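Engineer: Test case, fold it:
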Amino acid sequence: MNVYSEFTDKIQAVIEDMKAAGEIAAEVDVSRVLAEPPRDASHGDVATNAALVLSKAVGMKPRDLAELIVPRIAADANVTSAEVAGPGFVNIRLSDDFWRDRLRELLKAGPAALIPDIGKGRTANVEYVSANPTGPFTSDTHVGPSMVMPWQHFSKRSDMM
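Structural biologist: Residues are numbered from 1 along each chain as shown. The predicted structure is shown next:
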């Protein structure tokens, strides 16, 4: 469960609905439309760049396109408000029920739900740059324990510590 992926899909669906209704050109590519955390938490729970990345292809000012998108997003039962911000961002606030439902899902899924499936079992080579490239990778390294702890947890090689 990823809130931002879920809302990226919902926002892209809104754009597809606008295309189907003939409000914007059918050939507009929605692949660059994203939902992400707003830079400032006081702006809401989710922000989207939809109007900014689509405005040129649609032939509208970003803010004007955002004004067309906002009512459709606001109609979602999980959204308490959606508003245009700045040059054309859309800030979205989610309902308390939405968050309660996500918490229920998380509790039902258990601790395994917190482990991401990034990489899908493939091997990865992770490199780092140290202030002292000849020294060991330890908790004294400038990046601190936040880098060492995952290595200790996920590494099968004890000689790395």
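
Engineer: So what's the model's average confidence on the biggest helix by length in the chain?
Structural biologist: Scanning the chain for the longest helix, with DSSP state H as the assignment, gives helix 3-20. Averaged across helix 3-20, pLDDT comes to 94.

Engineer: List the contacts of it.
Structural biologist: Applying C-beta atoms under 8 Å, 6 or more residues apart in numbering, the external contacts of helix 3-20 come out as 24-26, 28, 30, 33-37, 45-46, 48, 50, 54, 68-69, 72-73, 76, 92, 94, 102. Every residue, glycine included, has its C-beta placed from N, CA and C.

Engineer: can you tell me which of those residues are in helices?
Structural biologist: Counted as lying in helices by DSSP H, out of these, are Ala50, Leu54, Leu68, Ile69, Arg72, Ile73, Arg102.

Engineer: Which member of those is positioned nearest Ala124?
Structural biologist: Arg102 (28.6 Å; C-beta to C-beta).

Engineer: that older thread, how about the ones in helices among the contacts of helix 3-20 in TSV, adding distance to Arg122, neighbour count and pLDDT?
Structural biologist: Below are the ones in helices among the contacts of helix 3-20 laid out as TSV (distance: C-beta to C-beta, whole Å; neighbours: other C-beta atoms under 10 Å; pLDDT from 0 to 100):
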residue	distance to Arg122	neighbour count	pLDDT
Ala50	32	26	95
Leu54	33	25	95
Leu68	41	16	94
Ile69	37	23	96
Arg72	38	17	96
Ile73	36	22	96
Arg102	28	15	91
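
Engineer: Same list as before, the residues you listed that is, but in CSV and with distance to Met18 included.
Structural biologist: Formatted as CSV, these follow (distance: C-beta to C-beta, whole Å):
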residue, distance to Met18
Ala50, 10
Leu54, 10
Leu68, 7
Ile69, 8
Arg72, 7
Ile73, 11
Arg102, 27
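
Engineer: Now do the contacts for the closest residue to Glu27 other than its chain neighbours.
Structural biologist: Nearest non-adjacent residue to Glu27, counting by C-beta to C-beta, 6 or more residues apart in numbering: Ala57, 7.9 Å away. By C-beta under 8 Å, 6+ apart, the contact list for Ala57 reads Ala25, Glu27, Val28, Asp29.

Engineer: Thank you, goodbye.
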